[in-house]
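*Asks:* When you get a sec, could you give me coordinates for this:
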Amino acid sequence: MKKQFWLMLIAVATVLLMTACSSEGEDMTEETDEEVISEPDENEEEEGESEEGNEESTDEVEETETNDEEETESESEETVEEAEEAQETSSELNEEDAISIIEGFHAQAFVETNEDLKVVNYSSISGMIADMQEFTTEEIATNIITPMYYEEEGSVYMKPQGEFSLFDTEGEYSLSQEGENEYLVSQSRETDLEGKVEFNISIENVDGNYIITNYGIN
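*Replies:* Model prediction:
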């Protein structure tokens with residue numbers, strides 16, 4: 001009888017022990033599942049923070065690019081304004097520039113020749129006319145060069161010239177503005193050959209360059 005009692009008692013204890021182990025196993029499984037479930041939540045939060053950081057970074061980049069574009073546009077506008085101011089400044093003809101143009105005109109009209117009146121630095125009249133257009137119009141250059149020079153055997157010669165008066169670049173003169181880009185250089189003086197001579201030289205801005213458009217002698 002006692003033996004049966006102990007056998008039953010052992011059986012009951014074994015069942016209780018198995019039940020307890022099974023319960024602990026289920027609890028551990030549930031905790032593991034909760035941990036596994038909670039980890040994705042944390043990852044999602046980290047991904048959300050990362051996306052927000054990327055959006056903020058993108059916004060900062062866009063703001064930087066916008067600022068750079070505005071600065072570039074501002075610098076471009078300033079450059080244009082400076083160029084316009086420089087052009088306005090350079091469009092004014094002063095006395096030094098006017099005399100320089102007249103001296104260049106004279107130098108191209110009366111080029112260097114040797115004792116035979118052969119032109120030293122040119123072999124064609126067309127070349128002389130082309131270079132003179134730095135200081136005057138093609139029409140005026142042609143009207144001055146053609147009567148004074150001739151070509152012979154691949155060379156250019158000056159025709160014998162009588163004495164005549166030219167504007168005296170070292171004498172007194174006046175410079176007046178006649179229009180927006182037009183100036184008049186005037187001089188009146190006494191000469192031994194012609195008596196009193198008046199010069200009225202018109203200088204105009206043509207295609208961005210000041211040139212002589214009329215060389216008047218009275």
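*Asks:* how about the longest strand along the chain: buried residues?
*Replies:* Longest strand of the chain, by residue count under DSSP state E: strand 195-206. Using 16 or more other Cβ atoms under 10 Å as the test for burial, strand 195-206 gives 197, 199, 201-205. In short, each C-beta sits where N, CA and C put it, glycine included.
*Asks:* where does the chain dip in pLDDT?
*Replies:* Low-confidence segments of the chain (pLDDT under 70): 1-90.
*Asks:* Look up the closest residue to His106, ignoring the ones flanking it.
*Replies:* Leu166 (6.2 Å; Cβ to Cβ, 6 or more residues apart in numbering).
*Asks:* Distance of the one you found relative to Ser126?
*Replies:* 24 Å (Cβ to Cβ, to the nearest Å).
*Asks:* Also Glu163?
*Replies:* Glu163 is 28 Å from Ser126, by Cβ to Cβ.
*Asks:* Asn214 now?
*Replies:* For Asn214 relative to Ser126 (Cβ to Cβ), the value is 23 Å.
*Asks:* Tell me where the chain has strands.
*Replies:* 149-152, 155-158, 174-179, 182-191, 195-206, 209-217.
*Asks:* In its sheet, which strands sit next to the first one, and in what direction?
*Replies:* It stands for strand 149-152. The pairing partners recorded for strand 149-152 under DSSP bridges are strand 155-158 (antiparallel).
*Asks:* got the CA positions of the partner strand in CSV?
*Replies:* In CSV, the C-alpha atoms belonging to strand 155-158 read as follows (Å, rounded to 0.1, in the frame of the first residue of the first chain):
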residue,chain,number,x,y,z
SER,A,155,55.7,99.3,-105.6
VAL,A,156,53.9,102.4,-104.5
TYR,A,157,55.2,106.0,-105.2
MET,A,158,54.1,109.4,-103.9
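*Asks:* what's next to that strand, contact-wise?
*Replies:* Identification of contacts with strand 155-158 by Cβ atoms under 8 Å, 6 or more residues apart in numbering yields 111, 113, 116-119, 122-125, 128, 148-151.
*Asks:* how about a cut-off of 6 Å?
*Replies:* Residues from elsewhere that reach strand 155-158, judged by Cβ atoms under 6 Å, 6 or more residues apart in numbering: 113, 117-119, 122, 125, 149-150.
*Asks:* cool, stretch 101-109 as well?
*Replies:* So stretch 101-109 is contacted by 131-132, 135-136, 144, 167, 169, 212 (Cβ under 6 Å, 6+ apart).
*Asks:* Give me the neighbour count for Glu134.
*Replies:* Other residues lying near Glu134 total 13 when counted by other Cβ atoms under 10 Å.
*Asks:* separation between it and Gln108?
*Replies:* Glu134 is 8 Å from Gln108, by Cβ to Cβ.
*Asks:* Help me confirm that Ser188 comes into contact with Phe199.
*Replies:* No: Ser188 is beyond contact range of Phe199, at 7.6 Å (criterion: Cβ atoms under 6 Å).
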